[in-house]
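**Q** Sequence and predicted structure are below.
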Amino acid sequence: QLQLVESGGGLVQPGGSLNLSCEASGLTLDHVTIAWFRQAPGKEREGVSCVSGGDGRASYGPAVKGRFTTSRDNTKNTVFLLMNGLKPEDTGTYFCAILDGSECRNNAAAYGSWGRGTQVTVSS
């Protein structure tokens, strides 16, 4: 059974860093399209980053490009999201999700498997 478990969230001051993890079980990630989304209270789920299952390329949402880096460790079956230069507007619940396809998509509805999320709060 496919399961995704996020971890690594917490409270951090503006300008700080966090490294989120998404560990998968029930499948191997090396040719899977997997993305990070986030959701703040009262807002829609927003795409943060994605690693394409087809060519392994990473892509980022405009709000985080240049500050966040996503990577995949196939030996650990885990995807990471390294977040630097955190801002209060980065606060939210961060989810990882898998899409049954080879290319990243921005639409959250295209992703069929989700973790439960990890909370990130950026505040002084």
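**A** Perfect, I can see it now.
**Q** So what's the gap between stretch 102-117 and the chain middle?
**A** 10 Å (C-alpha atoms, centre = their mean, to the nearest Å).
**Q** wait, I meant stretch 81-93
**A** 11 Å.
**Q** Could you work out the end-to-end span of it for me?
**A** 13 Å (C-alpha to C-alpha, to the nearest Å).
**Q** Run through who's touching it.
**A** Residues outside stretch 81-93 that contact it (C-beta atoms under 8 Å, 6 or more residues apart in numbering): 9, 12-22, 36, 38-41, 43, 46, 48-49, 63-64, 67-71, 94, 117-123. In short, each C-beta sits where N, CA and C put it, glycine included.
**Q** Filter those residues down to the buried ones and hand me the ChimeraX line.
**A** Per 16 or more other C-beta atoms under 10 Å, the buried members of the contacts of stretch 81-93 correspond to this ChimeraX selection:
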select :9,12,18,20,21,22,36,38,46,48,49,64,68,70,94,117,118,120,122
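**Q** May I have the secondary structure class of Leu86?
**A** coil (DSSP: H, G, I helix; E, B strand; the rest coil).
**Q** That one and Ser71: what is the separation?
**A** In this view, Leu86 and Ser71 are 18 Å apart by C-beta to C-beta, to the nearest Å.
**Q** Ok, Ala108 next?
**A** Relative to Ser71, and taking C-beta to C-beta, Ala108 is found at 21 Å.
**Q** for Ser49, same thing?
**A** 10 Å.
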